[in-house]
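K.L.:
missing the sequence, but the structure's below:
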Ligand code: 9Z3
C-alpha cells in the first residue's frame, strides 16, 4: 500500500479513513490494475496530456463475504461511458473505473439497445459472418474512434464491483495521478453507496433464512480488526440489516490524495426542491471545484452546475434534440422534430474542460 500524507486532513475523517483501509480488505485486483495504471499515467505525464478519471456505474454492498446477496446503487453507467467518449474527443486520456458489466465507452452504442448483438450481424453469400448493411455506417464510425483510442493508448478500462473495491481503487488512482498536477481531473459519476457492511461485521457464508439452519449463521470470519456483531442477521423469519456509514472520502480526495487535480462530483436526487441546496452544500463541505446536480428522472436532458467560480448554471438539451426514449421515459412528451438527438454529455464535458482550462491557467478557486 502506498504511503500518503494525512497531515492536512480533517483528523476525524483521517481517522475514519485510516480505520477503513486498515480493517477492510485490499482487493485482489488492485496490484494488477496498478501495473497498468503506472505506465499509462507516466506516458501521459510525459506527453503533457490531461488525464480524466471517470468513475461510472453503481457500487454493491455485499451482505456475505462469499457473496450471494448484495445491495446495489442505481446506475446503468450511461453518464460515465458517454462522458468518457467526449473526454477523449476533447483530448483527454481517460481512466474508466467502472462497475463490471456496466456500459463501456463505444461498445455502449451496441450493447444497450433493443437489439441483441447478434442482430447486428448477418451471414454473407459466402457464409462469412458480417455486419448487416443497416448498421455498417454507424458501426464503422464508432469503431474508428475506438481503434484510435486504443492505438494512441488514451483509454484504460478498470472494473470494480463492491463499494470496498471502488474506494481502494479511488485512493490508489488518486495518489498515482499526483504527478499530473493540475492536468488531472476527477469526474465522479459512479453511484456510490453511502452505507456498507465493514469486514469485521460481515458473515462469511450465505445467510440461512430457514430457522432450521440458523445455527450456520456465524459472525465475521475475515480476521481483519476486531470482530463485531454481524450486520445482517435473522430475527425469526426476518432478515435484519444494520449498515455502517461509508466514511466521507471526497474530503480526503480533495485535501490529501490529489489536491492539485480538478475534482467534479455528481449529486443525485429525486426531490427537485432540494437539488440545488444539496449540491451547494456538497460544494461547501468538500471545497472541491464543481458539483453537477441531477435528478433521477430528468438526468438525460438537464443538469445543474454548481461551482465557486461560476455560481449555479443549468445545462439543458433543447426539447427538439431530446431522444425519443428520453422524452418517453420521463415526460411522455412526443418529440416533434426530426433533428438529430443530442446527448447531454456532449454539452457537459466541453464545459467541464473549459473550467479545467481556467483552473490550469488562473490557479484554482478553492
Ligand atoms: C450521478 O448522479 C450520475 O449522473 C447517475 C448516472 C448515477 C445519475 P446513469 O449511469 O446514471 O446514466 O444511469 N452519479 C453520482 C451519484 C452519487 O452517488 N453521488 C453522491 C451523492 O449524491 C455523491 S458522490 O451523495
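P.N.:
Great, that's in hand. Since the model is a prediction, treat every value here as computed from it, not as a measurement.
K.L.:
Enumerate the residues of this structure near the ligand.
P.N.:
With Cβ under 6 Å from any ligand atom as the criterion, the chain meets the ligand at residues 75-79, 188-189, 191-192, 265-268, 294, 299. C-beta coordinates here come from the backbone N, C-alpha and C atoms, glycine included.
K.L.:
among those, which are in strands?
P.N.:
The members of the residues of the chain next to the ligand that map onto strands under DSSP state E are 188, 265-268, 294.
K.L.:
doesn't residue 285 fall inside a helix?
P.N.:
Yes: checked against DSSP: H, G, I helix; E, B strand; the rest coil, residue 285 lies within a helix.
K.L.:
gap between the closest residue to it other than its chain neighbours and residue 289?
P.N.:
Leaving aside its sequence neighbours, residue 285 sits nearest to residue 251 (Cβ to Cβ, 6 or more residues apart in numbering; 7.5 Å). Distance, residue 251 to residue 289, using Cβ to Cβ, to the nearest Å: 14 Å.
K.L.:
Which neighbours do the two have in common?
P.N.:
Shared contacts of residue 251 and residue 289, defined by Cβ atoms under 8 Å, 6 or more residues apart in numbering, are absent.
K.L.:
Which helix or strand contains the residue nearest to residue 285?
P.N.:
helix 249-252 (DSSP states H and E).
K.L.:
and what of residue 168?
P.N.:
Applying DSSP H and E, one finds residue 168 within helix 163-176.
K.L.:
any residues touching that helix, and which ones?
P.N.:
Contacts of helix 163-176 (Cβ under 8 Å, 6+ apart): 2, 4, 20-21, 24-27, 29-30, 33-34, 37-38, 41, 53, 55, 59-61, 95, 97, 158, 160, 186, 190, 192-193, 196, 199, 246, 249, 252-253, 257-258, 261.
K.L.:
Pull out the buried residues from it.
P.N.:
163-176 (16 or more other Cβ atoms under 10 Å).
K.L.:
after the helix or strand of the chain with the lowest mean pLDDT comes which helix or strand?
P.N.:
In the chain, no helix or strand scores lower on mean pLDDT, DSSP states H and E than helix 324-330, which sits at a mean of 57. Sequence-wise, the next helix or strand beyond helix 324-330 is helix 345-362, with elements assigned using DSSP H and E.
K.L.:
quick check: mean pLDDT across that next one?
P.N.:
Helix 345-362 shows a mean pLDDT of 96.
K.L.:
What are the buried residues along it?
P.N.:
Applying 16+ other Cβ under 10 Å to helix 345-362 flags 345, 347-349, 351-353, 355-356, 358-359 as buried.
K.L.:
what's the answer for stretch 83-94, then?
P.N.:
83-88, 92-94.
K.L.:
And the residues you listed, which is closest to the ligand?
P.N.:
Using Cβ to the nearest ligand atom, residue 83 comes nearest to the ligand of the buried residues of stretch 83-94, at 9.0 Å.
K.L.:
which SS class is that closest one?
P.N.:
helix.
K.L.:
For the ligand, what's the nearest residue on the stretch 101-250 of the chain?
P.N.:
Counting by Cβ to the nearest ligand atom, the stretch 101-250 of the chain gets nearest the ligand through residue 191, at 4.0 Å.
K.L.:
for residue 193, what are its contacts?
P.N.:
58-61, 71, 73, 163, 246.
K.L.:
if we go to 6 Å?
P.N.:
59, 61, 73, 163 (Cβ atoms under 6 Å, 6 or more residues apart in numbering).
K.L.:
what's the pLDDT at the last one?
P.N.:
The confidence metric pLDDT takes the value 98 at residue 163.
K.L.:
State the number of residues packed around the closest residue to it other than its chain neighbours.
P.N.:
Nearest residue to residue 163 in three dimensions, chain neighbours excluded: residue 59, at 3.9 Å (Cβ to Cβ, 6+ apart). Residues within reach of residue 59, counting by other Cβ atoms under 10 Å, total 25.
K.L.:
just for the chain, where's the confidence low?
P.N.:
The chain contains residues with pLDDT under 70 at 1-15, 114-115, 218-225, 325-338, 364-366.
K.L.:
now the helices for it?
P.N.:
11-23, 30-46, 78-89, 108-111, 133-151, 163-176, 249-252, 275-286, 324-330, 345-362 (DSSP state H).
K.L.:
Relative to the whole chain's centre, how far out is the second one?
P.N.:
Meaning helix 30-46. The chain centre lies 19 Å from the centre of helix 30-46; the measure is Cα atoms, centre = their mean, to the nearest Å.
K.L.:
So which bits of it are buried?
P.N.:
30, 33, 37, 40-41, 44-45.
K.L.:
Show me which of these is closest to residue 205.
P.N.:
residue 30 (24.8 Å; Cβ to Cβ).
K.L.:
a markdown table for the buried residues of helix 163-176, including distance to residue 143?
P.N.:
Below are the buried residues of helix 163-176 laid out as a markdown table (distance: Cβ to Cβ, whole Å):
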| residue | distance to residue 143 |
| --- | --- |
| 163 | 34 |
| 164 | 36 |
| 165 | 30 |
| 166 | 30 |
| 167 | 35 |
| 168 | 34 |
| 169 | 29 |
| 170 | 31 |
| 171 | 35 |
| 172 | 32 |
| 173 | 28 |
| 174 | 32 |
| 175 | 35 |
| 176 | 30 |
